[in-house]
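Novice: give me a model of this one.
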Amino acid sequence: MPSFDFSSEVDMAALNNAIDSASKKIIGRHDFKGTSAKVELSDKDKSITIFGDSDFQLNQVKDILFPEMEKKEPDCTKRLDSQAIQKVSGDKVKQELKIKIGIESELAKKIVKLLKDSKLKVQAAIQGDAVRVTGAKRDVLQDAIALVKKSITDFPIKSGNFRD
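Specialist: As a prediction, the model looks like this:
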């Protein structure tokens, strides 16, 4: 029986490129000269840290970073989980943006329920941080992909690992 997986992986190379180009724009900005404004990516922690002299400057850095991220990988800013803004030495601040990887159990349950309620002849099962969908025909699986992509727009979901 044909099957495929719904998953949500981060393209770390594209994310790294986006952060590099955002950093170059921040360095080139005249109003950021002599400030602590910068962006760092931690591959190990899967997080982005934004530094600035004030809350306003943090928002300016985000206004530079987010469009760069969207250029490299569409909808990738939807997977960011903003943490609280922290005071660093003096009046400087930083904010950590955690990168969500995989489909969380609540969203996976929502996908399974959506497919069951749609009356499509497919079976959906949660497997770790992915959802495996099995059906008798490819056409039905393609309908399932279209349904989920149309219905779930608040988190980037990819379909892949297709098997006949």
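Novice: in stretch 35-47, what counts as buried?
Specialist: Thr35, Ser36, Ala37, Lys38, Val39, Leu41, Ser47 (16 or more other C-beta atoms under 10 Å). From N, CA and C alone the C-beta is placed, and that goes for glycine too.
Novice: what distance separates the start and the end of it?
Specialist: 22 Å (C-alpha to C-alpha, to the nearest Å).
Novice: could you give the mean pLDDT of that stretch?
Specialist: For stretch 35-47, the mean per-residue pLDDT is 90.
Novice: which residues touch that stretch?
Specialist: 10, 12, 15-16, 19, 22-23, 26, 29, 48-53, 57, 60-61, 65, 92, 96-99, 101 (C-beta atoms under 8 Å, 6 or more residues apart in numbering).
Novice: which of these fall in helices?
Specialist: Met12, Leu15, Asn16, Ile19, Ala22, Ser23, Ile26, Gln57, Gln60, Val61, Leu65 (DSSP state H).
Novice: same list (these) but as CSV, adding pLDDT and neighbour count.
Specialist: Converted to CSV, these look like this (pLDDT from 0 to 100; neighbours: other C-beta atoms under 10 Å):
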residue, pLDDT, neighbour count
Met12, 89, 14
Leu15, 91, 20
Asn16, 92, 13
Ile19, 93, 19
Ala22, 93, 22
Ser23, 93, 19
Ile26, 93, 20
Gln57, 91, 19
Gln60, 93, 18
Val61, 93, 24
Leu65, 93, 23
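Novice: picking that back up, any chance of the buried residues of stretch 35-47 in JSON lines, plus distance to Ser159 and secondary structure?
Specialist: As requested, these are exported to JSON lines (distance: C-beta to C-beta, whole Å; DSSP: H, G, I helix; E, B strand; the rest coil):
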{"residue": "Thr35", "distance to Ser159": "43", "secondary structure": "coil"}
{"residue": "Ser36", "distance to Ser159": "42", "secondary structure": "coil"}
{"residue": "Ala37", "distance to Ser159": "38", "secondary structure": "coil"}
{"residue": "Lys38", "distance to Ser159": "36", "secondary structure": "strand"}
{"residue": "Val39", "distance to Ser159": "31", "secondary structure": "strand"}
{"residue": "Leu41", "distance to Ser159": "27", "secondary structure": "strand"}
{"residue": "Ser47", "distance to Ser159": "27", "secondary structure": "strand"}
